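Undergrad: missing the sequence, but the structure's below:
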């Protein structure tokens, strides 16, 4: 019972937003008012607690998701502050995978920005309930209702306004709580730590009652118990509204919307209250579902300390040469010295230490319980996305989706004696970041590193220099291409060889043709049933998928190809999976050569915000980059431009955009699709 009480008062939540919406500033305020820190840090000054990496402080952006735990009115909040830049989207992905609820922060000036959409849909993918906090209400051009409208239209959400602002822009002084029917005003002298409740200002009375009626009506439509009282014309109490809003939020039918100005320390305490009131505890979410690694059967784990231990490793960092693994515990208890089982590796590992984390500071604890997010040492081979569990009650949880890198650079150590160190340190960085890949080019002997964009690679190279004290030379960025085919062709190949006195024979006939963009490689068979055993068809598919990793134009991986097995001849007395694999691989290569192979390059969705007077020059420049401009949306004195541009034409764009717009333009870029190269 004590465990259930503790879990009911636990929240695993994260803050997510587009870059510069004020996410880390909100987190710093939450830490200050929950007395986790005694002095608020500022992102612009490089003193934010949660942006602890040197790179983050220098650049004024969040690069790595930071974890902390705070107490608020008897509740425990495990908080993850995630990056807003698209190059570090894996940090958001892996955080959302282990969170029970999230707060999306929007700038009241810009509203829903491109990366806000990306993170919102990532949260949808993992069915994470959401709240919205409209920040920067004190800025010129802030538009609370306009932002709420964008949340509804762009994100397809059902935003329910539970607060309205008192004053606008530099006259913003507080908010009206529509549920309590009270105003809240902050005292600037106490850095927002002190606030007072006031009666609703006269000029806002009518508006307050209108929005409260709308809130109750919207909730009644979503909540049967409330609907009965609403239709009966009965008085609906504050606690009934809160209970209905909590149910609707957890069921992902509604998104409570709050407002404030984090930099001016306004609106944070009601936000923390709302996190406790409306976001789920581990008891409110369905039992975690996995499968048995041997039988494949579905296995459920309830959020209870008494259940067998189950956790997901969602982040790895190398700390002074030691591996620190962040885990979310879904069930059971974890104690120092305990052996845990990794079903992917099929082996056990021993927990040597457990830490409660506060950004990069840690507190040693002897045990961790269900619902907690902690970091552990001792998991030498466990990596991001792995399940760790009790050996006698094995379970495999759904892993984390990783994104494929789109950009590469060659790196080399400046001195020969550092070459071995380079390989070791790059290995450590790739252990931390699954979207960062390292490979050696056999022909040239070069070390090639690949990542999600220029900023991502720049940060990693900088970390080599600052954290590992290794000077490196970096080549020009190179794009990771793909290959596909444009026509249909048939091809066959035969493999016949005697090895170790065993005859291997197979002949395979394939049809190869183009597949839809983004559909990858699809394999089909038209071989009549019974002419080839099922394991034979698997061998053919294996051969095709392995051969597709090296294309026929320039050796890049092939994609968006439809391959059909038409016929296969084998020696039925001595069937050879090896012969089928090799023949299939050769037939695929032959067919691709005939089917008009072409190179494809990464196309990026670019979203640019510029003052309207520079719009013409920016659009002209985009056209010169062979882009297709998909939308231009005027918003007050700025224009938002959406375009799809080949990645090769985007190198150095931040510098070019600054010079085109007198330093006033900003942009974000994310991978859209692979498409045929534009000459």
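TA: On my side now, so go ahead. Bear in mind the structure is a predicted one, so any value in this text is a computation, not a measurement.
Undergrad: hang on, residue 318 packs against residue 432?
TA: Yes: at 6.2 Å, residue 318 and residue 432 qualify as touching, with contact defined as Cβ atoms under 8 Å. Backbone N, C-alpha and C define where each C-beta goes, glycine included.
Undergrad: residues contacting residue 599?
TA: 481-483, 553-554, 556, 676-677 (Cβ atoms under 8 Å, 6 or more residues apart in numbering).
Undergrad: generate a ChimeraX selection restricted to the buried subset of those.
TA: Buried residues among the contacts of residue 599 (16 or more other Cβ atoms under 10 Å), as a ChimeraX selection:
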select :481,482,483,553,556
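Undergrad: what's the closest of the contacts of residue 599 to residue 100?
TA: Residue 100 lies nearest to residue 482 out of the contacts of residue 599, by Cβ to Cβ, at 37.2 Å.
Undergrad: beta-bridge partners for that closest one, please?
TA: Residue 482 has these beta-bridge partners by DSSP bridges: residue 600.
Undergrad: ok, now which ones touch it?
TA: 551, 556-560, 599-601, 674.
Undergrad: farthest pair within those?
TA: Greatest spacing in the contacts of residue 482, by Cβ to Cβ: 558 and 601 (14.3 Å).
Undergrad: quick one: which of these two has more around it?
TA: Between residue 558 and residue 601, counted using other Cβ atoms under 10 Å, residue 558 has the larger neighbour count: 27 against 20.
Undergrad: so that one sits against residue 551, correct?
TA: Yes: at 4.7 Å, residue 558 counts as touching residue 551 under the criterion of Cβ under 8 Å.
Undergrad: list the residues that contact both of those two?
TA: Common neighbours of residue 558 and residue 551 (Cβ under 8 Å, 6+ apart) are 482-483, 592.
Undergrad: got those as TSV, with distance to residue 417 columns?
TA: Below are the shared contacts of residue 558 and residue 551 laid out as TSV (distance: Cβ to Cβ, whole Å):
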residue	distance to residue 417
482	37
483	39
592	44
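Undergrad: in CSV: these, plus pLDDT.
TA: As requested, these are exported to CSV (pLDDT from 0 to 100):
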residue, pLDDT
482, 90
483, 92
592, 94
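Undergrad: of the residues you listed, which is the nearest to residue 655?
TA: residue 482 (28.0 Å).
Undergrad: tell me the contacts of residue 110?
TA: Contacts of residue 110 (Cβ under 8 Å, 6+ apart): 18, 21, 609.
Undergrad: can you do 10 Å?
TA: Residue 110 makes contact with 18, 20-21, 116, 136, 139, 141-143, 147, 150, 609, 635, 638, 640, 666, according to Cβ atoms under 10 Å, 6 or more residues apart in numbering.
Undergrad: which ones among those lie within helices?
TA: 116, 147, 150 (DSSP state H).
Undergrad: what is the nearest of these to residue 655?
TA: Residue 655 lies nearest to residue 116 out of the ones in helices among the contacts of residue 110, by Cβ to Cβ, at 25.5 Å.
Undergrad: the closest one: neighbouring residues, count only.
TA: There are 26 residues near residue 116, going by other Cβ under 10 Å.
Undergrad: where's it relative to residue 151, distance?
TA: Residue 116 is 9 Å from residue 151, where distance means Cβ to Cβ, to the nearest Å.
Undergrad: which residues are common contacts for the two?
TA: Common neighbours of residue 116 and residue 151 (Cβ under 10 Å, 6+ apart) are 104, 106, 132.
Undergrad: could those residues go into JSON lines alongside neighbour count, secondary structure and pLDDT?
TA: What follows is these, written out as JSON lines (neighbours: other Cβ atoms under 10 Å; DSSP: H, G, I helix; E, B strand; the rest coil; pLDDT from 0 to 100):
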{"residue": "104", "neighbour count": "26", "secondary structure": "strand", "pLDDT": "92"}
{"residue": "106", "neighbour count": "28", "secondary structure": "strand", "pLDDT": "93"}
{"residue": "132", "neighbour count": "26", "secondary structure": "strand", "pLDDT": "96"}
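Undergrad: specify which member of those is nearest to residue 69.
TA: Checking the shared contacts of residue 116 and residue 151 against residue 69 with Cβ to Cβ, the nearest one is residue 104 at 21.4 Å.
Undergrad: what bridges to the closest one?
TA: As for beta bridges, residue 104 partners with residue 16, residue 132 under DSSP bridges.
Undergrad: about what we covered before: need the ones in helices among the contacts of residue 110 in a markdown table (columns: pLDDT and distance to residue 218).
TA: A markdown table is the format used below for the ones in helices among the contacts of residue 110 (pLDDT from 0 to 100; distance: Cβ to Cβ, whole Å):
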| residue | pLDDT | distance to residue 218 |
| --- | --- | --- |
| 116 | 78 | 22 |
| 147 | 94 | 18 |
| 150 | 91 | 18 |
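Undergrad: export those residues to TSV and tack on distance to residue 223?
TA: TSV is the format used below for these (distance: Cβ to Cβ, whole Å):
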residue	distance to residue 223
116	27
147	25
150	26
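Undergrad: before we move on, back to that, ok, the contacts of residue 110 vs residue 163, which is closest?
TA: residue 147 (12.8 Å).
Undergrad: ok, now which ones touch the closest one?
TA: Shown in contact with residue 147 (Cβ under 10 Å, 6+ apart): 106-112, 132, 134-137, 159, 257, 259.
Undergrad: nice, that's everything, thank you.
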